[in-house]
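Student: Provided below for reference: sequence and predicted model.
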Amino acid sequence: MTNARRTTTHRRRSPRRIARKPLAGSLAVAALLGGAWYATAATNGSGSGDSAAGTSTTAAASASTGAGAKAAANGTPSATTATSPTASAKTSPKAAAKTSTAAKAATGTLTPTSTTVALAAKFPYLTAGYNNTRQWTRTTTAVAPDGTLRVAWPAADGVHVTPLNAAGLRSGADTIVKGAKEVGGLVSHNDGFALLTRVADTNKWKETAAAIVRYTNGKQTFLTKLTGTASNDTSPGLDGQFTWNGTKYGAYFVVHGAGGFADGHFGDKLAYISAKGAKLSGGWSWGCSHNEGIALHAETSGAFTSLCFDDWRSGLFVSTGIGAPDVAPVVQREQCWAGYCGGTFPGRTGDLVKSATGRYATAFASRGAASAKKNAADSSGRGWTVTPKTSTHQVAVAFMANRNSGPGKAIYLTSATGTENVNVHVAPYGKDRLLVSWESLKGAKCAAGTCTGTFTGTHLRLIDWNGKAQGADKVVTARISGDIAVLKNGTLTWAYAPVTPTYATPLNGASPTTTTLRIARLTP
């Protein structure tokens, strides 16, 4: 790992701004399912008001939930096994049918189907974000080379990894990673999986450590901690991404300085791990300041491509091995503190997609920049002051010819200033299109970078690799609240809680839970 360079000009957060960031105090982030989670949504176990578009079937959970071994004092997790419109008078039916067929061929139906999987434990599906904004608790869906699926989701007894067949039906009992506190990313193998998570640790802040846990044929084969006393860091909240290129893993996540030059600060870390759990060279130990958004794409060779929202340098950057993005290409200037960037990539905004020709696309929630200039008060010359253009977040996409050059001007897919847009994602859709999804809130009321409003649906839009719409938006009942897996035939699949979203107020109280997940599928 590269060493973080020492600097005395790293910008500190004021107490007011620190207090608004859930990760920023040594006691601000407790165990994943503790009393720091807030929600006022319905507490019905299966949620309310949700009807999946298309077909829905139910797969029963395995009955048994073994007691399992207790987590060891050093935080090492253990695992247990658990259970179309009609034609007008002026249009002939034949012409209408031809038009309808052409439109369908161009855009697809954009109607997800779903299966329902019963869970062996309660899944708390909401978490508190900046200013207690409502956020979906992250789930991650990953596909193995043989086409089978796994879904990782947190519960009170650890992180559950649920096996599914290619049709999205349960194919066995859960593996429960005891002592694991968060789903930071999941890689699915034919014989098991690897999970980026947090485990107990000993440090000055009494916070958790980032770790990769590998299971093979139902048994834990390694656990590698990525933070600790030797590196003067902790990870009280990952907001991570975890990828695999067939040879090595890449883990990108938030860290909290616990000694050394970065004591008390927040940054990010990129680590590479071998197939057997050994730490490899490359990456960095300290990168973006207070990283507000993380994305990571595994490359077949060399450094993995990453994106970060850096609050000190005030913007979105693409990086191919540069820890701090002083010279990294700027994707977009944004006001990036206390939620102004729309939150983290995994949970709230955007992803990173690579085309067959080597181009990259990302989508994100953006407030734009009415102005952006160097911060004269910052003697380092690195700090920026950005004045946002809108109070609400709009959906933006950016394209990069390659990973070493910045993109052209961001393309905005939405523009209604009174509408807030959250949970932005982008995924490949067939050979030459992209699917962009987001949730919209009308009548938005915003303060300090976060907004409340009335939920008006999950939007799906197809665009080409120039950002041009390939049809009208489709509003669906399915939500995209976690990582999307892409099957070999191009089908997109993801897991979500079957509940109706509400963003009318901040979250206050304990998180509601669900005992089912929907496994959505969308085939180009």
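Tutor: Alright, I've got the coordinates.

Student: show me the shaky parts of the stretch 101-250 of the chain.
Tutor: Applying pLDDT under 70 to the stretch 101-250 of the chain flags residues 101-108.

Student: could you redo the last one with a cut-off of 90?
Tutor: 101-109, 128-133, 239 (pLDDT under 90).

Student: which strand or helix spans the residue nearest to residue 353 when sequence neighbours are not counted?
Tutor: Leaving aside its sequence neighbours, residue 353 sits nearest to residue 361 (CB to CB, 6 or more residues apart in numbering; 4.8 Å). The C-beta positions use only the backbone N, C-alpha and C, and glycine is treated the same way. Residue 361 belongs to strand 360-366 when elements are defined using DSSP states H and E.

Student: if we can go back for a sec, isn't the residue nearest to residue 353 up against residue 399?
Tutor: Yes: the criterion here is CB atoms under 8 Å, and residue 361 meets it with residue 399 at 5.3 Å.

Student: would you map the strands across the stretch 251-400 of the chain?
Tutor: 266-274, 294-297, 305-310, 315-319, 330-333, 352-354, 360-366, 371-374, 384-387, 394-400 (DSSP state E, counting those that start in this stretch).

Student: what residues does the fifth one touch?
Tutor: Surrounding strand 330-333, the residues in contact under the criterion CB atoms under 8 Å, 6 or more residues apart in numbering are 307, 314-318, 362, 364, 366, 369, 372, 384, 386, 396, 398, 400, 406-407, 410.

Student: so for stretch 301-317, what gets flagged as buried?
Tutor: Under the neighbour-count criterion of 16 or more other CB atoms under 10 Å, stretch 301-317 has 303-317 buried.

Student: and stretch 314-331, by the same measure?
Tutor: Applying 16+ other CB under 10 Å to stretch 314-331 flags 314-325, 328-331 as buried.

Student: determine which two of those residues are furthest apart.
Tutor: Greatest spacing in the buried residues of stretch 314-331, by CB to CB: 314 and 321 (21.9 Å).

Student: distance-wise, check the closest residue in space to residue 314 that isn't next to it in sequence relative to residue 253.
Tutor: Spatial nearest neighbour of residue 314, chain neighbours left out: residue 384 (3.8 Å); criterion: CB to CB, 6+ apart. According to CB to CB, to the nearest Å, residue 384 stands 24 Å off from residue 253.

Student: what about those two, which has more around it?
Tutor: Set residue 384 next to residue 253 and count neighbours by other CB atoms under 10 Å: residue 253 wins out with 27 against 21.

Student: is it true that the more buried one touches residue 238?
Tutor: Yes: using CB under 8 Å, residue 253 is in contact with residue 238, at 4.4 Å.

Student: so what sits against both of the two?
Tutor: 184, 196, 210.

Student: show me what contacts the first one?
Tutor: Listed by CB under 8 Å, 6+ apart, the contact set of residue 184 reads 195-198, 210, 238-242, 251, 253, 346.

Student: with residue 194 instead?
Tutor: 186-187, 212-215, 242, 244, 249.

Student: which of the residues you listed has the most neighbours?
Tutor: residue 242 (27 neighbours).

Student: what about the closest residue to that residue other than its chain neighbours, how many residues nearby?
Tutor: In space, not counting the residues next to it along the chain, residue 242 is nearest to residue 185; the distance is 2.4 Å by CB to CB, 6+ apart. Neighbourhood size, residue 185 [other CB under 10 Å]: 29.

Student: residue contacts, residue 185?
Tutor: By CB under 8 Å, 6+ apart, the neighbours of residue 185 are 140, 195-196, 240-243, 251, 346, 483.

Student: what comes up buried for stretch 364-375?
Tutor: Quick answer for stretch 364-375 (16+ other CB under 10 Å): 364-369, 372, 375.

Student: which of these sits closest to residue 415?
Tutor: Nearest member of the buried residues of stretch 364-375 to residue 415, counting by CB to CB, is residue 368, at 10.2 Å.

Student: that closest one against residue 386, yeah?
Tutor: No: using CB under 8 Å, residue 368 is not in contact with residue 386; the gap is 9.2 Å.

Student: what touches both of these two?
Tutor: Common neighbours of residue 368 and residue 386 (CB under 8 Å, 6+ apart) are residue 334.

Student: picking that back up, more neighbours, residue 361 and residue 399?
Tutor: Each of residue 361 and residue 399 has its neighbours counted (other CB under 10 Å); residue 361 has more, 23 against 19.

Student: need the nearest residue in space to residue 433, chain neighbours excluded.
Tutor: residue 462 (5.2 Å).

Student: for that neighbour, pull up the helix or strand it's in.
Tutor: Going by DSSP H and E, residue 462 is in strand 450-464.

Student: buried residues, that strand. List them.
Tutor: In strand 450-464, counting by 16+ other CB under 10 Å, buried: 450-453, 455, 457-463.

Student: following it, which helix or strand shows up next?
Tutor: strand 474-476.

Student: helices or strands up against that following strand?
Tutor: strand 450-464 (3 or more CB pairs under 8 Å, 6 or more residues apart in numbering; DSSP states H and E).

Student: can you give me the mean pLDDT across the strand it packs on?
Tutor: For strand 450-464, the mean per-residue pLDDT is 96.

Student: so which residues of this structure form helices?
Tutor: Assigned by DSSP state H, the chain shows helices spanning 15-20, 93-107.

Student: I'd say residue 195 and residue 212 touch.
Tutor: Yes: at 7.0 Å, residue 195 counts as touching residue 212 under the criterion of CB under 8 Å.

Student: shared neighbours of these two, which are they?
Tutor: Going by CB under 8 Å, 6+ apart, residues that sit against residue 195 and also against residue 212 are residue 242.

Student: circling back to that earlier point, residues in contact with the residue nearest to residue 353?
Tutor: Residue 361 neighbours (CB under 8 Å, 6+ apart): 352-353, 355, 397-400, 426, 434, 465.
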